[in-house]
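S.K.: give me the fold of what follows.
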Amino acid sequence: MDYPQSGERFRGRAAISAQRGRHPADRHFIVQRITGRADLWVSECIITYDGVPSYSVSIMEFADQHVVHETQYFANPFGAPTWRAALAEPMPDRIAEA
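M.R.: Below is the predicted model of the structure:
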């Protein structure tokens, strides 16, 4: 499992399980969308860490019905600039901060 933004790679089931199981934050997950086919799937989630939301995209690669590689990207929400207001509409179920 790779975290490109922090430059971390976790190899093997034990390391990944320990990394996820020992996380100190109170986490909650909202799955926004899962899409894919065959051996490549992508999920979009909002993960709150101790009440602070973060957007996550996970790219999962499969072989023989097992995950062989996962890459996760994280982004903090941000408020939209006023100059785009006339061009956009709000996305339902999305969290935005000013």
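S.K.: for the protein, which spans come out with low pLDDT?
M.R.: 93-98 (pLDDT under 70).
S.K.: using the three-state scheme, assign the residue of it positioned farthest from its centre.
M.R.: Each residue of the chain has a distance to the centre, and by C-alpha atoms, centre = their mean the biggest one is for residue 86: 28.8 Å. The three-state assignment at residue 86 reads helix, by DSSP: H, G, I helix; E, B strand; the rest coil.
S.K.: any idea which helix or strand carries residue 48?
M.R.: strand 40-49 (DSSP states H and E).
S.K.: for residue 31, same thing?
M.R.: strand 27-37.
S.K.: how far off strand 27-37 does the strand holding residue 48 point, in degrees?
M.R.: 170 degrees (axes from the mean of the first three to the mean of the last three C-alpha atoms, to 10 degrees).
S.K.: who does whatever helix or strand comes next after strand 40-49 pair up with?
M.R.: With elements assigned by DSSP H and E, the helix or strand that comes after strand 40-49 is strand 52-63. Partners of strand 52-63 in the sheet, by DSSP bridges, are strand 40-49 (antiparallel), strand 66-75 (antiparallel).
S.K.: quick check: buried residues in strand 52-63?
M.R.: 53, 55-56, 58, 60 (16 or more other C-beta atoms under 10 Å). Heads up, the C-betas are built off the backbone N, CA and C, glycines and all.
S.K.: between those, which is nearest residue 71?
M.R.: Closest approach between those and residue 71, by C-beta to C-beta: residue 58, at 7.3 Å.
S.K.: quick check: the gap between the closest one and residue 9.
M.R.: Remark: distance between residue 58 and residue 9 (C-beta to C-beta, to the nearest Å) = 15 Å.
S.K.: what's opposite the residue nearest to the spatial centre of the chain in the beta bridge?
M.R.: By C-alpha atoms, centre = their mean, the chain has its centre lying nearest to residue 56, at 1.8 Å. Assessed by DSSP bridges, residue 56 has beta-bridge partners residue 45, residue 74.
S.K.: sweet, I'm off.
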